[in-house]
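> predicted model and sequence follow; I will ask about them next.
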Amino acid sequence: MSTIAIPNETLPRTGIAATLPAPAPLADADRKPLTKKETAADHPTWCPGCGDFSVLALYYKLIEKRKMLHENICTVAGIGCSSRFPYFVQAHGAHFIHGRALAFASGVSLSRPDLHVFVFGGDGDAFSIGGNHFTHTARKNIKLTYVVMDNFVYGLTKKQTSPTSPIGFKSKTDVGGSTDRPVNPMKQAISAGATFVGRATATNLPHLLKLMEAAMDHDGFSFIECLSECIEFFPGAFDAAVPRKGGTFTEIPSEHDVTDEYAAYKLCDAPWPGVFGTFYKVDRATKNANEAKLITDSRAKLAGVPDWQILQRNFDRMK
Amino acid sequence: MSDNTSTATTNDSSRTSAITESVIRIAGDSQDGIQAIGGFLARLAGRSEQEVMTFMTIPSTISGGPSIFQVRIGSGEVLSAGDEADVLLCFYDHSYANHISSLKRGGIVLYDSDHVTPKEDMLSVYRHVGVAISSLTVEAIGGTGRDKGKNIYALGLIARMFDLNVPKLTKLIEERFGGKDPSIVTNALNCFNGGYGHQIQGLIESFRFEHAEKTGAPQVVMSGNEALAYGIIAAGVRFGAGYPITPWSEIMELLRRELPKYGGMFVQTEDEIAAISMAIGGSYAGRVSVTGSSGPGISLKTEALGWASMAEMPVVVIDVQRGGPSTGMPTNQEQSDLNIACFGGHGDSPRVVLAPSSVEDCFYTAIEAVNIARKFSTPVIILSDQAIATRIEAFPCPDLQNICQDISPDFTPVADHKPYDLTATDGVTRHIAPGTRVASGKYPVATGLEHDELGHPTGSGKLHTQMNAKRRNKLRKLASELPVPKIYGATEGHVLLVGWGSSKGPIEEAVKLGRSQGEAVSGLHIKYINPLPNGLENLFNGFTHVVVCEINDEGLYGHGQLASLLRSRYCDPRIKSVTKTDGLPWKVKDILTRALALTK
């Protein structure tokens, strides 16, 4: 039997390529909050006026406000205009394939309980090609925050109908106007089992920041639909929710019980442009916690037993 | 049965022949527990330091259907599950009708006379031994009216016929059924003893395996799927994700059950795409992760696999091949995923492909795959197949204390980091996981867009060319490190039989058979499919013909998948193809006959 011998000790455990001596890490307490200058990376490729700029700016702000450590920031995205996000953040990030950002981020979240993963994407990524992952990540209640910058149109591919495009929307794939019923992201998330479901706009910054903070603090799958205007292919789409353009921004009344699923569904049907805030928020065991419990239980009788001996026990039974 | 040796007289006055090996085929329906009989025999052989190899077919239907289990036990080297059976145990007329031809002339057919009516014209060809297995089983367990347990009764019959070690078998039965309701163990032992004590009418001899040479090392007995899964654990992998599909499911079930004991986790995902995406996420987070599937699922995984090539992210993907395309023949053997493993996906996406040759090799290949993925920061595919996945073999217990490795993440801060550094030796760069501080403040983005050295997108044709070269060159470096396989038999001759994956054993037996008939035949097994090791052309040069034997279709241009790859690599017209797609492992005789006919 031929195998190539690659002694384990010759391999870095994850692989650190840099040969330069590493600096001694600063004690966390000595580290100052990151400024926008330190967290900004590439200049965004978005069109001037795009709603996504606000979300990015608030993410920088969130990082600064919550004193997140540079190395512990992890930003994941799929494909689309908004999914370019990780390139614009000076931190560990991954730009994955179309629609699968949640599955990728789940792998990070489940294997790294020390991190809080942020996933950014668009409506195509979330509700069309990645619809299945949206449902199941919500169902499993995997601890991460998913911000969907919903612009009701495919922007990167230049104006095709999206799963949230309203009926009658004229696009290159529906020249006579879209006829397919759009997805209601709030309903979709609640029915799938998301444990934090919120709605915001890219034009009301304090409200969005507050929601992002709450989402980050939530122990579970937190989802925010953020209406973010595509000024190129669907200009004015959300004017009805922007007071300075004559619209109204209606916040969810404070007496709404966020643990009441039926009340939350009712809010989802509010007439256009709908209401904003936290629709639904409940505590339910996360997949992360369930798996951690499984590990604890499985290891209860194995305390102090090295891995090879656990395996040896199995092999002894196969003799 | 190689009954070349002495006979001895036992006290019950029947003859006992000493034999070196035997092929026993058990045919029934899948719910009869015939795999359990096979499993007991294989395990017993392993404990008796005998070589053993099994072969089974399972119906793809949910409840039952014809199923077989074949065990070949030998005192010497056992390379394949055997072309012909010495003993056929059959439970039904359909098992009799479908499998009688698999028996050697003069072989013994042991049948359940409650269900099987032997054919007149077969009586002179095979030795028929009828036992009312079903009704005797009911009798043995005290007449509950059910014949559940007839597999164990039949095991008793076989134990008597082959003079097997009863205390060891009894212990195996106790281990297998222990821990459940104690009446189950009692019933099982009653069945076994009933069969063992039954005086078989018409059988005047029994057989005894010659003592195998003691190797000293205790043997373990397991299936290829188990060996792969345990190899993944030994390699230090602690995170994985998968979606159920035959014949891969067994691996994910085992990992799901076992990994928590090691502080790890295996996630059952919503689909195949999520499975590979989540595994890549796990690798990105700092520790090489695993996913797997069979053909249809591998098709779905190819886009994400391309991302792992592009982003240079290590990940191990197990493909337990079955008959394809599409849903194909889900419970049959085929080696038709070589092309998708090496080339599946869009764009130029180099990846490593390894094909283990035996159950033992499955264990070590899993570790090797993980370490290649780590060293070269690349996706690695392990190409197993249905036959190797389900067959049971005995092999020396690995030295786990020295083999098991710790690959826990390392978050040591770095001064600076270029994830795609073009000046890196041989193009090999590595990934640093989130949690790793970079003092320069410049953090990497892992990306599927063509990128610069820091992972930022680029539309530059020059960079795309350079990065393609980087991704390709590191695998060329790997090729230069791979061991050149050794020829089995003489290094010069008329025909070199080339195989890959699970056909190693049958090909080596074909070489032995050919040599015994005076043919100048040798064998070569290729484990490293992509990249191929350097220097194969020198091995080919010793032969007039190079015949690649593989279980896939000859395709539009007359060559199997590995043959096509070798022809494109070496432009050598001596490379020819012998292929088949009947869903079954190679028969040794077929390999030899067809290869010789092709090269006459």
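Arrived safely, thanks for sending.

> contacting residues for A:Leu11?
Contact analysis of A:Leu11 by CB atoms under 8 Å, 6 or more residues apart in numbering or on different chains lists B:371, B:374-375, B:407. All C-beta atoms are positioned from the backbone trio N, CA, C, and that covers glycine.

> can you rerun that using 6 Å?
Residues near A:Leu11 by CB atoms under 6 Å, 6 or more residues apart in numbering or on different chains: B:374-375.

> same check on B:Ser80?
Contacts for B:Ser80 (CB under 6 Å, 6+ apart) come out as B:505-506, B:509.

> what parts of the stretch 101-250 of chain A come near chain B?
A:103-104, A:106-108, A:111-112, A:115, A:132-133, A:136 (CB under 6 Å from any CB of the partner chain).

> in the chain, what spans have low per-residue confidence?
Just going to use chain A. A:1-3, A:5, A:12-27 (pLDDT under 70).

> wait, chain B
B:1-14, B:59-63, B:143-147, B:180, B:204, B:212-216.

> who's in contact with the residue positioned nearest the centre of it?
Centrality entry for chain B: nearest residue to the mean C-alpha point is B:Ile388, 1.9 Å, by CA atoms, centre = their mean. B:Ile388 sits next to B:224, B:502 when contact means CB under 6 Å, 6+ apart.

> next, it: phi, psi?
With angles defined as degrees, to the nearest 10, B:Ile388 sits at phi -70, psi -30.

> likewise B:Asp93?
Residue torsions, per degrees, to the nearest 10, at B:Asp93 are phi -60, psi -40.

> do the same with A:Tyr146
phi -120, psi 110.

> thinking it is in contact with A:Gly121, fair?
No - A:Tyr146 is beyond contact range of A:Gly121, at 7.4 Å (criterion: CB atoms under 6 Å).

> the stretch 501-600 of chain B: strands as residue ranges?
For the stretch 501-600 of chain B, the strands defined by DSSP state E, counting those that start in this stretch cover B:521-526, B:528-530, B:543-550, B:575-579.

> mind putting those into JSON lines with mean neighbour count and distance to chain A?
Formatted as JSON lines, those follow (neighbours: other CB atoms under 10 Å in any protein chain shown; distance: least, CB to the nearest CB, whole Å):
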{"stretch": "strand B:521-526", "mean neighbour count": "24", "distance to chain A": "9"}
{"stretch": "strand B:528-530", "mean neighbour count": "22", "distance to chain A": "8"}
{"stretch": "strand B:543-550", "mean neighbour count": "23", "distance to chain A": "18"}
{"stretch": "strand B:575-579", "mean neighbour count": "23", "distance to chain A": "21"}
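
> TSV for those, including distance to B:Ile381?
Listed next are the strands of the stretch 501-600 of chain B as TSV, based on distance: least, CB to CB, whole Å:
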stretch	distance to B:Ile381
strand B:521-526	15
strand B:528-530	8
strand B:543-550	17
strand B:575-579	21
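
> which residues does the closest residue to chain B within the stretch 101-250 of chain A contact?
Closest to chain B within the stretch 101-250 of chain A is A:Gly107: 2.3 Å, counting by CB to the nearest CB. Applying CB under 6 Å, 6+ apart to A:Gly107 gives the contacts B:278, B:281-282.

> with adjacent residues omitted, what lies nearest to it?
Excluding the flanking residues, the one nearest A:Gly107 by CB to CB, 6 or more residues apart in numbering or on different chains is B:Gly281, at 2.3 Å.

> what's the first helix or strand after the longest helix along chain B?
Using DSSP state H, we find that the single longest helix of chain B is helix B:461-481. The first helix or strand that comes after helix B:461-481 along the chain, using DSSP states H and E, is strand B:493-500.

> pull the CA atoms of that next one into PDB?
Only the C-alpha atoms of strand B:493-500 are listed here, as PDB (Å, rounded to 0.1, in the frame of the first residue of the first chain):
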ATOM      1  CA  GLY B 493       6.400  -8.300 -20.700                       C
ATOM      2  CA  HIS B 494       3.500  -8.500 -23.100                       C
ATOM      3  CA  VAL B 495       0.700  -6.900 -21.200                       C
ATOM      4  CA  LEU B 496       0.600  -4.500 -18.300                       C
ATOM      5  CA  LEU B 497      -2.800  -4.500 -16.700                       C
ATOM      6  CA  VAL B 498      -3.500  -1.100 -15.200                       C
ATOM      7  CA  GLY B 499      -6.300  -0.500 -12.600                       C
ATOM      8  CA  TRP B 500      -7.400   2.000 -10.000                       C
END
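
> just checking: what are the partner strands of it?
Partner strands and pairing direction for strand B:493-500 (DSSP bridges) are strand B:521-526 (parallel), strand B:543-550 (parallel).

> what comes up buried for that strand?
Neighbour counts over strand B:493-500 (16 or more other CB atoms under 10 Å in any protein chain shown) mark B:493, B:495-500 as buried.

> over to stretch B:404-421?
For stretch B:404-421, by 16+ other CB under 10 Å, it's B:404-405, B:407, B:409-411, B:413-414, B:417-421.

> next, count neighbours for residue 46.
Unless you meant another one, I'm taking chain A. Neighbours of A:Trp46 under the rule other CB atoms under 10 Å in any protein chain shown: 21.

> meant chain B actually
Counted by other CB under 10 Å, the residues lying close to B:Gly46 total 24.

> tell me how many other residues crowd B:Arg105.
7.

> follow-up on the earlier one: and of the strands paired with strand B:493-500, who's closest to B:Ile34?
Set against B:Ile34 and scored by CB to CB, the strands paired with strand B:493-500 come closest in strand B:543-550, at 29.1 Å.
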